[in-house]
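Asks: Provided below for reference: sequence and predicted model.
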Amino acid sequence: MERILSLLLLTIVAASVAASAAPYQNEGARVPNKDLAGAPAGTTPAPKIDERGDEWGLVTLSGNTRPEANPANDRGAVPDSFQLEHMMLQLRRTPEQERALEQLIDQLHNPKSPHFRHWLSAQEFGLKYGLAAEKLDLITDWLKAQGFAVDVVYPNHMVIDFSGNAGLVRRAFHTRLHYLEVDGQRHYANMSDPRIPATLAPMVAGIVSLHDFRAYPQFARSKHAGPDFTTTGGSYVVAPADLATIYNFNQLFAAGVTGVGQTVVVVESSDVAHPPDFDTFRSVFGLSGYSGASFSTIHPAPPSGTNNCSDPGTNSDEGEAALDVEMVTSAAPSAAVVLASCANTATTYGILTATQNLITVPRRRLSSA
């Protein structure tokens, strides 16, 4: 499990690196304090926020608008009362921290380094590579002053979960949410990049999402699938034995490398409809002889604050979830498989919530769920 959580952590680290490297555009505003922007966490006192609210005191968070948010797709503004629960504010580390983190990532993957695979906990990561506590307080105090509820401040010090409505977003971030029609489907999104006080700009990369556009699964269910079926036109059905042959797993299995004592977490946007199918699949395809395997489902809560992870139940992504579980037990037939899922909110993809919570929750809570 430690390996799995470590991989998840590195995934979010990479996302944070990309976000923190994103430029912000200063629209004629005063240049932010260079000492604040470049100083290591904890070495510069947090400044006071300029709340004048005019164009000279605001900085644009560039790259935070969907390309679909254009006049051709615009179908009018959403009401101010439109609820936006569990938005995520992506924070920005200092350039010095950024360079140190990139060096650490290289060392974590270098077998000759004394730091090879010495993974950090979320708390350790936050103290070294996240925002300092006084800067977090400055941001959360500002959010609360705008009327938002601060639900979770993650221990990696790089993400804040907060809730409000479209009216609060309009007034605080100076952007409006509109309904859109894209490919015959109704959506909503912000029509321009958010703007925030210049004092906060060096510490904030942007809002993870202010829209309801989701990723789509690669899985497509056949309309003609049955218990025994063949395909034509160059398509092939891959069974566990095929997977083992293609990826040369058989030599590992023969050597006893089957995932014994390991836990693999698959992060999904749907539960599986019939969990006992896990055992049926293993029995039909000859995997039952490998002991130690199990299957469970969790909805990981954050380590503190308001729970932002509810059960999504089963939905149109169920086929993808079931396929992922089956392929994992095919590749690691003795491993415990855990499906982690969270429901989407108005603006945040449930897979992002589940992943963020997994990498910050203590390992014992995941294994006992």
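Replies: Happy to help now that I have it. These numbers were taken from a predicted model, which means no experiment stands behind them. Numbering: from 1, shown residues only.
Asks: who's in contact with Ser330?
Replies: In this structure, Ser330 makes contact with 240, 243-244, 285, 287, judged by C-beta atoms under 8 Å, 6 or more residues apart in numbering. C-beta coordinates here come from the backbone N, C-alpha and C atoms, glycine included.
Asks: wait, is it part of a strand?
Replies: No - counting by DSSP: H, G, I helix; E, B strand; the rest coil, one finds Ser330 to be helix, located in no strand.
Asks: for it, give its distance to Gln262.
Replies: With distances defined as C-beta to C-beta, to the nearest Å, the gap from Ser330 to Gln262 amounts to 15 Å.
Asks: now swap in Asp183 and tell me
Replies: Here the criterion is C-beta to C-beta. By it, Asp183 lies 42 Å from Gln262.
Asks: more neighbours, these two?
Replies: Per other C-beta atoms under 10 Å, whichever of Asp183 and Gln262 has more neighbours is Gln262, with 17 against 7.
Asks: pretty sure that one sits against Val337.
Replies: No - contact criterion C-beta atoms under 8 Å: Gln262 and Val337 do not qualify, at 9.9 Å.
Asks: can you give me the neighbour number for Ser192?
Replies: Other residues within reach of Ser192 by the criterion other C-beta under 10 Å amount to 13.
Asks: now for it: which residues touch it?
Replies: Taking C-beta under 8 Å, 6+ apart, one finds 65, 69, 174-176 in contact with Ser192.
Asks: where's it, which helix or strand?
Replies: Under DSSP states H and E, no helix or strand contains Ser192.
Asks: show the backbone phi and psi for it.
Replies: Summarising the backbone geometry of Ser192 under the convention degrees, to the nearest 10, its torsions are phi -150, psi 160.
Asks: name the residues that touch stretch 285-300?
Replies: By C-beta under 8 Å, 6+ apart, the list of residues contacting stretch 285-300 reads 239-241, 258-261, 271-272, 275, 278-279, 281-282, 309-311, 325, 329-330, 333-342, 354, 357-358, 361, 366, 369.
Asks: bridged to Leu58, which residues?
Replies: According to DSSP bridges, the partner residues bridging Leu58 are Pro197.
Asks: equivalent analysis for Val152, please.
Replies: Beta-bridge partners for Val152, by DSSP bridges, are Asp161.
Asks: with Asp74 instead?
Replies: Leu180.
Asks: thinking again about what came up before, so how do I select the buried members of the contacts of Ser330 in PyMOL?
Replies: For anyone working in PyMOL, the buried entries among the contacts of Ser330, judged by 16 or more other C-beta atoms under 10 Å, can be selected with:
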select buried, resi 240+244+285+287
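Asks: what is the nearest of the contacts of Ser330 to Ala254?
Replies: Proximity of these to Ala254, judged by C-beta to C-beta, is greatest for Ala244, which lies at 10.5 Å.
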